[in-house]
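Participant: build me a model from this:
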Amino acid sequence: MKRNDYSENMESLLGDCMGPGSMFDSIRQYLSTYGFDHYGDLDVREPEPSNVIPGSVLGLLSESLEKITTPVNGPIIDLGCSVGRTSFELSKKFNTSVIGIDLNFSMLQAAANVIETGRFTYPKRTEGIAYDKKIIETDFKDNNDVDFWVCDGLNLPFFDSLFSFGLSLNLLDCVGSPYLHLQEFARVLKQGANAIISTPYDWSPSAVPVENWLGGHSQRSESKGRSETMLRSLFSRGGHPDAIETLELIFEKQNLPWTVRIHNRSVMNYSVHVMGLKKLMVE
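Facilitator: The predicted model follows:
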């Protein structure tokens, strides 16, 4: 399941034998969805017109970074980097080293393969458990400023105050404890460093236990169950009993589009909330 050297026919045979809903099928679906989202814009053979524009995550990243004006002097952490395109783009924009973090080994394997071969290879789902093998040429080969690590975003293996910029793009509603994720994010950032957090608040108990959701329930509360209200209070000193005192909210962007392709006839459209943060001095 962790190999990436199967022929297209062998991969198809394994998919048919293991069937829909298997771990093998789930891995291919993730690679299909995020592979298209991260690298589809580089595929010169991508048919037009399409039911979704490839590379949607790049537009989201670009708009999220528009208000970042503080110089980035030092390494960057890209939490939930998936198949790695955002890590490459951050390295290019800020001309510094980037560590991409994710728990999905198969996606990081595909990302690392870009550095080794200059190509991104992934199975693109057409329908059911039928996939086309896609090979996309990139210009990221031999990028020694980017590395990918299999790590838990709730327990990062880094010293305090290490990174000069941080990105957590659409990860908050996918980790077991969003609050612990924010605490760890704050811990590894340098004083004065900026960070970006974005999320569509697509809460699901299969990804996050409901008791750990930041909003999305208890609409009888003061926040009316609104996640963005809860998140703002966590970044406001004194605004919440468990406020993360070292992170200050410096800007917000509402309803940025993020379009995720499922298969040829299925698309998921998200409206993403973006928050720009600054790491304050620890008192």
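Participant: dump the residue contacts of Gln91.
Facilitator: Not quite, residue 91 is Ser, not Gln. 76, 97-98, 143, 145-146 (C-beta atoms under 8 Å, 6 or more residues apart in numbering). For glycine as for every other residue, the C-beta is placed from the backbone atoms N, C-alpha and C.
Participant: kindly report the same for Lys278.
Facilitator: Applying C-beta under 8 Å, 6+ apart to Lys278 gives the contacts 70, 192-195, 247-248, 250.
Participant: mind showing which ranges of the chain have poor pLDDT?
Facilitator: Filtered on pLDDT under 70, the chain yields the residue ranges 1, 47-50, 282-283.
Participant: show me where the stretch 151-283 of the chain has its strands.
Facilitator: Under the criterion DSSP state E, counting those that start in this stretch, strands of the stretch 151-283 of the chain are mapped to 163-169, 189-199, 247-263, 266-279.
Participant: follow-up on the earlier one: so which of the contacts of Ser91 is the most crowded?
Facilitator: Val98 (27 neighbours; other C-beta atoms under 10 Å).
Participant: now the farthest one out in this protein, which residue is it?
Facilitator: Going by C-alpha atoms, centre = their mean, the residue of the chain most distant from its centre is Arg220, 31.5 Å out.
Participant: can you point me to the longest helix in the protein?
Facilitator: Ordering each helix of the chain by length in residues (DSSP state H) puts helix 23-39 first.
Participant: the contacts of Lys278: which two are farthest apart?
Facilitator: Of all pairs drawn from the contacts of Lys278, the greatest distance, 14.3 Å, lies between Thr70 and Leu247 (C-beta to C-beta).
Participant: follow-up on the earlier one: so which of the strands of the stretch 151-283 of the chain is nearest Arg125?
Facilitator: Here strand 247-263 is closest among the strands of the stretch 151-283 of the chain (C-beta to C-beta), at 4.5 Å.
Participant: now the contacts of Lys278: which count as buried?
Facilitator: Buried members of those, counted by 16 or more other C-beta atoms under 10 Å: 193-195, 247.
Participant: between those residues, which is closest to Met107?
Facilitator: Out of the buried ones among the contacts of Lys278, the member with the shortest distance to Met107 (by C-beta to C-beta) is Ala195, at 22.0 Å.
Participant: show me the contacts for the residue farthest from the centre of the chain.
Facilitator: By C-beta under 8 Å, 6+ apart, no residues touch Arg220.
Participant: run a quick neighbour tally on Phe36.
Facilitator: Neighbour count for Phe36, taken as other C-beta under 10 Å: 27.
Participant: pretty sure it contacts Thr126?
Facilitator: No: applying C-beta atoms under 8 Å, one finds Phe36 not in contact with Thr126, separated by 11.6 Å.
Participant: what sits against Glu176?
Facilitator: That one is not Glu; residue 176 is Gly. By C-beta under 8 Å, 6+ apart, the neighbours of Gly176 are 154, 207-209, 212.
Participant: check the gap between it and Ser97 for me.
Facilitator: From Gly176 across to Ser97, the span is 28 Å (C-beta to C-beta, to the nearest Å).
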